[in-house]
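Novice: structure for the following, please:
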Amino acid sequence: MNKPYSLRASAPVALAVTAALLLAACGGPGTASTGASGGAPRPGGTLTFGLSTDPISINPRGAGAGNDALYVSRQLVDSLTEQDPATGRLIPWLAAKWEVGPDARTFTFTLRDGVTFSDGSPVTARSVKDNFDDIVKAGAKAPSSIIYFNGYKATHVVDRLTAKVEFTTPNAAFLQASSTAALGLLGPSTLATPVEDRDTANLAGSGPFTLDHYTRGSEVVLRKRKGYDWGPADRKHRGEAYLDTVVFKIIPEAGVRTGALQSGQIAAIGTVPPQNIRLLRDSGYTLVIRPNPGNVFSLLPNHASPVFKDVRVRQALAKAVNAREIRDTVLTPDFAVATSVLSRTTPDWTDLSGAVTYDPEAAKRLLDAAGWTAGPDGVRQKDGTKLVLATTWLSNFGPNQSALELIQQQVAKVGFKLELKSYTVPELLQVYAKGDFDLSWGNQSRADGDVLRVSFGRTGSNYYKVDDPELEKALAGQLAAGDAARRAARLAEAQRLIVEQAHAVPVFELTTVVALSRTAHGIELGADSRLQQLGDAWVSGPGA
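Specialist: Residues are numbered from 1 along each chain as shown. Model prediction:
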């Protein structure tokens, strides 16, 4: 097992996990920036940031539109812990310290004093209990958060600033989950509001910004929160944000978004299209680049589809995809060809490049053996059924369509026909619920290998209806492991099974690329390669 970026500690989970303990977690390069510095930060001004999609929901627990939703919601909420993107360590944030039980069933957080929500109420142990109980009660209405509460029993208020979270079964991944925006704490005024009314308003967090307004399809406007003074230690300063205002403009067209940056209408853009990376780099724009941890972009067979109940068909699909050609044609060298279902910057990534290979002749043999014969139009058929796959995808990453259209051409050479259909996040969740698809295309960013359980395990979302007892044993085993080495071994086994059984067809690793104008500074990406809180960001001009 090769771990070129590993920063993992070899010690088992301790009875007392202090703020300095290395999480059994993220190795990987930190944020890389190219471009000129703007000098010393100065307070004031407005930063306008171009989003590629409408967030749909800026509730950190909701079904928002991927990264763009989290870019906004992260500004409003703080988490119990912070995962330092440079080291992978968990460090204090709202929790000054914590302890983990020896069987990873209990997590005791001691909060820092003096922190408040933007509705004026204090952040206490009761806040932790109310938030976690709210997530569990919301269930499927909190899809970004409920996935972390496998086996949740209760949160106990030990005293005003001490909360003990208890699970009925081991949950070794929960500590890292406590650093995510999805488990960011919301104030009592928000918790008193029905979940469905939190998508565009009624969001009070303890973060450095507050919500001014969200106009769907147009913009989200945030205002600096006066008195904020509890940012984590990996931030350059921990007090109030420099910026007075942050405006997230929704600009779906990549060319328009890039043009707005070049013309000075906006100061920063996310989801920089690959074809513009070199242009902007050569023109002197600052590029903030970080490889994403988590599941790589993959084709994901729906195991409930009759076609994919035969492992040979799934394996044939995997052999028919030329991942390197896709990267070299659609993307740039900033994106890596997949070597496993996990990206190389994910904790416990295992190098399976020898198994992730392009071999169209092997694909044809597998389909022959499975009884799929070539039809007159080149599409294979069996018992009167054509090998036509309804394939779902989201438009929240610009190159998705180009990548899928190339994959469509590649797999057609061995007899598959892909019918492509794009959806919004809420629409796709409905499609998943109905099981009305054969194949999906997507990724999931998280700086912990438990992302595999979330995607493919019975206690996760498992939209793809994977039913593999051996895989389930590995996924459950890593969650129960209180020892870093045992957890790593289980995650290595899970990756091997997913690739060998073609539960996923890995293609390329996502890399987040944000472009900044000459007036925008201090914008960085977190351990999950999503936009970090903008407390360190500032503008050197009048603002965009």
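Novice: so how many other residues sit close to G270?
Specialist: Counted with other Cβ atoms under 10 Å, the neighbours of G270 add up to 23. The C-beta positions use only the backbone N, C-alpha and C, and glycine is treated the same way.
Novice: could I get the contacting residues of it?
Specialist: Shown in contact with G270 (Cβ atoms under 8 Å, 6 or more residues apart in numbering): F49, G50, L51, S52, N67, D68, Y71, T512, V514, L531.
Novice: same thing but at 7 Å, please
Specialist: Counting by Cβ atoms under 7 Å, 6 or more residues apart in numbering, G270 touches F49, G50, L51, S52, D68, Y71, V514.
Novice: what does L70 give?
Specialist: Per Cβ under 7 Å, 6+ apart, neighbours of L70: G64, A181, R530.
Novice: where's the dip in pLDDT among those residues?
Specialist: Note: of these, the lowest pLDDT belongs to G64, at 77.
Novice: A strand includes that residue, no?
Specialist: No - counting by DSSP: H, G, I helix; E, B strand; the rest coil, G64 falls outside a strand, being coil.
Novice: so how far is T53 from it?
Specialist: 9 Å (Cβ to Cβ, to the nearest Å).
Novice: look at those two and report which has more neighbours.
Specialist: G64 (26 against 22).
Novice: just give the closest residue to the more buried one, not the sequence neighbours.
Specialist: Excluding its sequence neighbours, the residue lying closest to G64 (Cβ to Cβ, 6 or more residues apart in numbering) is S57, at 4.2 Å.
Novice: how many other residues sit next to D359?
Specialist: 15.
Novice: quick one, what contacts it?
Specialist: Here D359 is in contact with K319 (Cβ under 7 Å, 6+ apart).
Novice: shaky segments in the stretch 51-200 of the chain?
Specialist: 65 (pLDDT under 70).
Novice: so which residues of it form helices?
Specialist: Taking DSSP state H, counting those that start in this stretch as the criterion, the stretch 51-200 of the chain carries its helices at 66-76, 125-138, 174-177, 188-191.
Novice: ok, the stretch 401-544 of the chain next?
Specialist: Under DSSP H, counting those that start in this stretch, the stretch 401-544 of the chain gives helices at 425-434, 451-456, 469-480, 484-500.
Novice: before we move on, back to that, for the residue nearest to G64, grab phi and psi.
Specialist: phi -140, psi 130 (degrees, to the nearest 10).
Novice: how close does it sit to L186?
Specialist: Distance from S57 to L186, by Cβ to Cβ: 13 Å.
Novice: returning to that earlier point: looking at the contacts of G270, which are in strands?
Specialist: Taking DSSP state E, the ones among these that sit in strands are F49, G50, L51, V514.
Novice: turn these into JSON lines, columns for distance to V499 and neighbour count.
Specialist: Formatted as JSON lines, the ones in strands among the contacts of G270 follow (distance: Cβ to Cβ, whole Å; neighbours: other Cβ atoms under 10 Å):
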{"residue": "F49", "distance to V499": "37", "neighbour count": "27"}
{"residue": "G50", "distance to V499": "36", "neighbour count": "28"}
{"residue": "L51", "distance to V499": "33", "neighbour count": "25"}
{"residue": "V514", "distance to V499": "31", "neighbour count": "25"}
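Novice: closest to I147 among the residues you listed?
Specialist: L51 (24.1 Å; Cβ to Cβ).
Novice: tell me how many other residues crowd the closest residue to the closest one other than its chain neighbours.
Specialist: Computed as Cβ to Cβ, 6+ apart, the closest residue to L51 that is not its neighbour in sequence is D68, at 4.4 Å. Residues near D68, counting by other Cβ under 10 Å, number 26.
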